[in-house]
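S.K.: build me a model from this:
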Amino acid sequence: MLTAVVFIIFVALVFDFINGFHDAANSIATVVSTRVLTPLQAVVWAAFFNFVAAFGFGVHVATTVGKGVVETSVVDQWVILAGLLGAIVWNLITWYWGLPSSSSHALIGGFAGAGVVKAGVGALVVGGLVKIGVFMVLAPLIGLAVGFAMMTLTLLTFRKETPGRVDRIFRRGQLLSAAAYSVGHGTNDAQKTMGIIAVLLFTTGHLGPEFYVPFWVILAAGAALGLGTMFGGWRIVKTMGMRITKLRPFGGFCAETAGAITLIGTALGGIPVSTTHTITGAIMGVGATQRFSAVRWGVAGRIVWAWVLTIPASALVAGAAWFLIRLLAA
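M.R.: Okay, the predicted model is just below:
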């Protein structure tokens with residue numbers, strides 16, 4: 001059993017690496033598209049703050065993922081492995097297509113799908129999934145509203161300044177906002193993998209009678225996410241930073257700050273939201289302050305379809321993976 005547990009922890013960290021690789025665009029798209037940082041500078045900046053974030057905001061999200069999706073009495077190493085495989089496959093498919101789908105919802109969908117295939121719908125923790133589902137809708141809307149409000153306030157505050165001066169101010173400001181967003185991204189996304197590893201250790205008897213997240217799990221998950229960000233996904237950067245709407249430094253600052261506020265707030269509340277949904281909503285909110293047509297709603301529509309399909313698609317892949325694993329393990 002120990003060998004299987006070690007292997008599944010490795011797969012979980014691979015997922016975390018792919019999560020960082022896939023979601024690197026969320027952390028750096030705006031700061032790259034406004035040319036404040038080069039792509040290489042941006043990924044190093046984002047990776048550092050992704051890693052630092054793992055130590056600053058507790059493990060509330062990890063606890064929600066570990067105990068609030070599938071009943072722990074149903075969870076075993078094969079359910080976890082199948083859930084991870086479902087999430088990894090969907091992440092790689094959407095990365096190849098250049099679609100910023102949610103790694104978070106892929107993981108939750110995969111975990112839930114494997115649990116249902118093993119024990120039926122009664123295996124699901126309804127309250128936890130309802131909270132996740134509500135914020136699946138609310139997170140991009142909050143990001144959009146905060147982005148719109150920040151952009152409006154910024155335009156009013158700096159309306160008498162020259163465009164050149166505004167650009168100079170916010171080129172510096174974007175360094176801070178990109179760091180803040182990366183902290184929000186790291187504290188939300190790394191914790192999801194922490195929760196999966198912790199529930200694996202708990203259900204296999206390696207944690208003792210109480211569920212908690214060991215320090216080495218926090219360290220490993222933060223490092224894997226940071227390394228994944230270092231290797232970034234440039235296909236998605238193009239979609240996020242250049243195709244949704246045209247951004248200037250002050251717009252990038254507003255979008256990143258709006259995303260950071262939303263992500264850090266939900267992390268403190270123990271709510272696992274999608275960093276992808278959040279920053280996309282914030283970028284749309286910033287673009288909509290110019291005029292409705294400034295947002296390329298056709299691209300946004302493709303992204304929404306990827307969101308809608310993520311949970312059921314990853315759940316189906318995870319369910320098929322569970323059957324295959326059980327056949328091979330029998």
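S.K.: make it CA atoms for all contacts and neighbour counts henceforth
M.R.: Will do.
S.K.: what are the ranges of the helices in the stretch 201-330 of the chain?
M.R.: 215-230, 234-238, 249-268, 275-288, 297-329 (DSSP state H, counting those that start in this stretch).
S.K.: tell me the mean pLDDT for the shortest one?
M.R.: Taken as a whole, helix 234-238 carries a mean pLDDT of 51.
S.K.: just to revisit the earlier point, which of the helices of the stretch 201-330 of the chain is buried the deepest?
M.R.: helix 275-288 (a mean of 29; mean count of other CA atoms under 10 Å).
S.K.: that one - contacts with which helices or strands?
M.R.: Under the contact definition 3 or more CA pairs under 8 Å, 6 or more residues apart in numbering; DSSP states H and E, helix 275-288 sits against helix 2-33, helix 126-157, helix 163-203, helix 249-268.
S.K.: same list, the ones you listed, but as CSV with mean pLDDT and distance to residue 229 please.
M.R.: Output for these, formatted as CSV (pLDDT from 0 to 100; distance: least, CA to CA, whole Å):
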stretch, mean pLDDT, distance to residue 229
helix 2-33, 80, 4
helix 126-157, 88, 22
helix 163-203, 86, 10
helix 249-268, 88, 17
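S.K.: just those helices: most buried one?
M.R.: Highest mean neighbour count among the helices and strands packed on helix 275-288 (mean count of other CA under 10 Å): helix 249-268, a mean of 26.
S.K.: show me what that helix is packed up against.
M.R.: With 3+ CA pairs under 8 Å, 6+ apart as the test, helix 249-268 has helix 2-33, helix 60-67, helix 126-157, helix 163-203, helix 275-288 packed against it.
S.K.: quick check, central residue of this structure?
M.R.: residue 275 (3.9 Å; CA atoms, centre = their mean).
S.K.: quick check: pLDDT value at it.
M.R.: What the model reports for residue 275 is a pLDDT of 80.
S.K.: now swap in the one 5 residues further on and tell me
M.R.: Note for residue 280: predicted pLDDT of 80.
S.K.: that one reaches residue 141, doesn't it?
M.R.: No: counting by CA atoms under 8 Å, residue 280 stays clear of residue 141, with 9.6 Å between them.
S.K.: which one is residue 70 nearest to, not counting chain neighbours?
M.R.: residue 124 (4.5 Å; CA to CA, 6 or more residues apart in numbering).
S.K.: look up the pLDDT of that neighbour for me, please.
M.R.: At residue 124, pLDDT is 92.
S.K.: swap in residue 319?
M.R.: 93.
S.K.: try residue 104
M.R.: 79.
S.K.: my read: it touches residue 189, true?
M.R.: Yes: between residue 104 and residue 189 a contact is recorded at 6.8 Å, counting by CA under 8 Å.
S.K.: for the two, list the residues in contact with both.
M.R.: Common contact partners of residue 104 and residue 189 (CA atoms under 8 Å, 6 or more residues apart in numbering): 272, 275.
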